[in-house]
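**Student:** The amino acid sequence is not available; the structure is as follows:
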């Protein structure tokens, strides 16, 4: 699967899949002189394609905004994405997740694309929610948070979270 980033000022069309390890062993040349690695060696911190992530499995959803995961990012341009699921609740719930640098209990903004709500209405069912491609340009080291909440947690038996950042510049 190839993910394309379009309409960024310094890229005309960059394929993130080509920035991760697994190729011929020689550097791949990208628009504007950005270099990627294709030699199968992990991308070191500070280079384009660096991946930082956090995953957890826990049944601890809350009806108040809580911190699911946090990542400390160094200066650069990053694409942030997060997903979460909740399984087996007794009723209907609205799941909300957001990506923010405002703190571990802060909410994001739907109009800025940093918060998303997902409704599901299945008794003893499951629900999931994803935010993709939150573009951030940071000038000094910052902590970014993936926070979430649910309108109902009755009978919640399982859940999981994944939060990641990919350096694109």
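**Tutor:** Good, I have the coordinates. Not measured: the values here are computed from a predicted model.
**Student:** rest of the way, CA atoms for contacts and neighbours
**Tutor:** Will do.
**Student:** could you point out which element follows the helix or strand that contains residue 80?
**Tutor:** With secondary structure defined by DSSP states H and E, residue 80 is part of strand 76-87. The element immediately downstream of strand 76-87 (helix or strand, assigned by DSSP H and E) is strand 93-100.
**Student:** contacts for that next one?
**Tutor:** Among residues not part of strand 93-100, those counted as contacts by Cα atoms under 8 Å, 6 or more residues apart in numbering are 80, 82-84, 106-109, 114-121, 127-131, 134, 144-153.
**Student:** and the residues you listed, which are buried?
**Tutor:** Listed as buried from the contacts of strand 93-100 are 80, 82-84, 106-108, 114-117, 127-131, 134, 144-153; burial here means 16 or more other Cα atoms under 10 Å.
**Student:** Which members of those residues occur in helices, if any?
**Tutor:** When helices are assigned by DSSP state H, not one member of the buried ones among the contacts of strand 93-100 lies inside them.
**Student:** Would you mind measuring from residue 136 to residue 80?
**Tutor:** Here the criterion is Cα to Cα, to the nearest Å. By it, residue 136 lies 8 Å from residue 80.
**Student:** Now the common contact residues for the two.
**Tutor:** Looking at what touches both residue 136 and residue 80 (by Cα under 8 Å, 6+ apart), there is no common residue.
**Student:** Now do the nearest residue to residue 126 once chain neighbours are set aside against residue 128, distance only.
**Tutor:** Distances taken as Cα to Cα, 6 or more residues apart in numbering put residue 87 closest to residue 126, at 4.1 Å, once the chain neighbours are dropped. Residue 87 sits 9 Å away from residue 128, going by Cα to Cα.
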